[in-house]
Every structure is written in C-alpha cells, then in structure tokens.
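A.B. asks: have a look at this prediction, sequence included:
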Amino acid sequence: MEHASLPWRINDTYSTLVETENRRIIASTATTSNQSTIKDNANAAFIVRACNCHDELVRALEACLPSIKADAEASHLTDGFRNVRNSHDDVLEFVESALKLAKAF
C-alpha cells in the first residue's frame, strides 16, 4: 500500500497536524487536548521533514553505492586482497544497512 502523496506539510492552523497539499490529515502529534507543546510542534515538523526528503535521500545513497563499493574493493588492492576489514568496508556496510532500513516498509 502506498502512503499519501508527498510533499506533506504542517497545517496552517494547528501546528501539530501533518497534512497533504490537499489538506488531508496524515498525523497528529498533539499529546494534550487543545494545547500543543513545543515538543509536539517539533515532532510534527520532524515527520514532515523526514518524509519529504526520504525518497531523495534513498536515491542519493543508491547513486553513491556503486562508487562506495568500488572504493571498498580498491582499498584491498594495496593490502594484497587479505581478508582484513578496513574503514572503506565499514562505510559500505553503513550505507547498505541504511538503505535496507529505509526500504524496509
């Protein structure tokens, strides 16, 4: 199932409501009735920021992945292809893990 179309935004009247451009409510971060707190507002803003940039960040990591893989492989040329992990392997693992998490749902 697909989520509602992006971009999402904060409702003009209630800063704890996350909505689509067509004003369809996606989420509410309000924790108390009729009273929003600074943290509730920050949570709504975080949801909007994270969701709106998610697809672009995934595409950026996917575009970088071939270079990161090549860099990790090339880094072993200097050590005679010994089975030794280095920082290049750590970066590759980090990026692959982040992409897996980003695509899990």
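C.D. replies: Sure, I can see it.

A.B. asks: ok, the spatially closest residue to Asn43 that is not a sequence neighbour - contacts?
C.D. replies: In space, Asn43 comes closest to Thr29 once its chain neighbours are excluded; the distance is 4.1 Å by C-beta to C-beta, 6 or more residues apart in numbering. To be clear about C-beta, it is placed using only N, CA and C from the backbone, and glycine gets the same treatment. By C-beta atoms under 8 Å, 6 or more residues apart in numbering, the contact set of Thr29 is Thr16, Val18, Asp40, Asn41, Asn43, Ala44, Ile47.

A.B. asks: repeat for Ile68
C.D. replies: Taking C-beta under 8 Å, 6+ apart as the test, what Ile68 contacts is His88, Val91, Leu92, Val95.

A.B. asks: which of the residues you listed are buried, as a ChimeraX select command?
C.D. replies: Applying 16 or more other C-beta atoms under 10 Å to the contacts of Ile68, the buried members can be selected in ChimeraX as follows:
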select :88,92,95
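
A.B. asks: look up how far Ala60 lies from the residue positioned nearest the centre of the chain.
C.D. replies: Nearest to the geometric centre of the chain sits His54, at 4.3 Å (C-alpha atoms, centre = their mean). Separation of His54 from Ala60 (C-beta to C-beta, to the nearest Å) stands at 11 Å.

A.B. asks: again, but for Ser15
C.D. replies: According to C-beta to C-beta, Ser15 stands 29 Å off from Ala60.

A.B. asks: more neighbours, these two?
C.D. replies: Legend: neighbour count by other C-beta atoms under 10 Å for Ser15 and Ala60, higher for Ser15 (17 against 11).

A.B. asks: pLDDT weak spots in this structure?
C.D. replies: By pLDDT under 70, the weakly predicted segments of the chain are 33-36, 79-82.

A.B. asks: helix or strand right after the longest helix along it?
C.D. replies: Identified as the longest helix of the chain according to DSSP state H is helix 38-75. Counting by DSSP states H and E, the next helix or strand C-terminal to helix 38-75 is helix 87-102.

A.B. asks: who touches that following helix?
C.D. replies: For helix 87-102, using C-beta under 8 Å, 6+ apart, the contacting residues are His54, Leu57, Val58, Leu61, Glu62, Cys64, Leu65, Ile68, Lys69, Asp71, Ala72, Ser75.
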